[in-house]
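A.B. asks: Using only what follows, build the 3D model:
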Amino acid sequence: MKTIFDIPEQHARVTSMLIRQFDPAQHVWALTGSAGLRLQGVDIPVHDLDVQTDEKTIYLFEEKLAGFMKLPVHVWESEHTRSYHGQAEIDGLQVEFLGDVRHLGEGNTWESLDLESVRMWVEWHELQIPVLSLMHEALAYEKMGRIQKAELIRLAIRKETL
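C.D. replies: Numbering: from 1, shown residues only. This is a model prediction of the structure:
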């Protein structure tokens, strides 16, 4: 799928750098949040970059981006979500890393997400960018109680299918 909206220049530089250093064909990761949504046609502003990955790859990001890391990778947990989390600042841009995201399911068990099952590719500036599917993103925002954002995503899905 070709991108519909572009992302700001600063975000583009950092995304290109991540693609070059962490080939998504070899490492499991995807842009999520506003940048991933915008590249798929959700008309929203982009403030930072959010990268979702697995446990192994988040530590690879941390190792190779050591000079940029502002918050080392650590376990982060909320009432319904558990993951590894780290934060970098690259070219003045905040980049959030989430690894091995798990959600509290029925029976109070932590259910992991098979990232490959919801990862898709958008063509952007002659590069293939991994993103999370709009349907997955809409469901995730609904689970977080962010209904307005979920509705914007569903609107983009409807436009895509016309």
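A.B. asks: Sketch out the low-pLDDT regions of the protein for me.
C.D. replies: 162 (pLDDT under 70).
A.B. asks: pull the longest helix from it.
C.D. replies: Using DSSP state H to define each element, the chain has its longest helix at helix 147-161.
A.B. asks: List the contacts of the residue nearest to the spatial centre of the chain.
C.D. replies: With distances taken as CA atoms, centre = their mean, T32 lies nearest the centre of the chain, 2.1 Å away. For T32, the contacting residues are 50-52, 98, 131-132, 137, by CB atoms under 8 Å, 6 or more residues apart in numbering. Heads up, the C-betas are built off the backbone N, CA and C, glycines and all.
A.B. asks: For L18, state which of those is nearest.
C.D. replies: V51 (7.2 Å; CB to CB).
A.B. asks: For the closest residue to the closest one other than its chain neighbours, identify the helix or strand it belongs to.
C.D. replies: The shortest distance from V51 to any residue that is not its chain neighbour, by CB to CB, 6 or more residues apart in numbering, is 5.1 Å, and that residue is F97. For F97, the element it lies in under DSSP states H and E is strand 93-104.
A.B. asks: Okay, buried residues for that strand please.
C.D. replies: Buried residues in strand 93-104, counted by 16 or more other CB atoms under 10 Å: 93, 95-101, 103-104.
A.B. asks: what's the answer for stretch 43-53, then?
C.D. replies: For stretch 43-53, by 16+ other CB under 10 Å, it's 46, 49-53.
A.B. asks: try stretch 112-126
C.D. replies: For stretch 112-126, by 16+ other CB under 10 Å, it's 113, 115, 118-120, 122, 124.
A.B. asks: thinking again about what came up before, which strands and helices sit next to the longest helix of the chain?
C.D. replies: helix 33-39, helix 134-143 (3 or more CB pairs under 8 Å, 6 or more residues apart in numbering; DSSP states H and E).
A.B. asks: How far off centre is it?
C.D. replies: 17 Å (CA atoms, centre = their mean, to the nearest Å).
A.B. asks: now swap in stretch 128-141 and tell me
C.D. replies: For stretch 128-141, the distance to the chain centre is 8 Å (CA atoms, centre = their mean).
A.B. asks: What is the end-to-end distance of stretch 89-98?
C.D. replies: 15 Å (CA to CA, to the nearest Å).
A.B. asks: Apologies, that question was intended for stretch 24-41.
C.D. replies: End-to-end distance (CA to CA), stretch 24-41: 21 Å.
A.B. asks: and it, which residues are buried?
C.D. replies: So for stretch 24-41, counting by 16+ other CB under 10 Å, buried means 24, 27-41.
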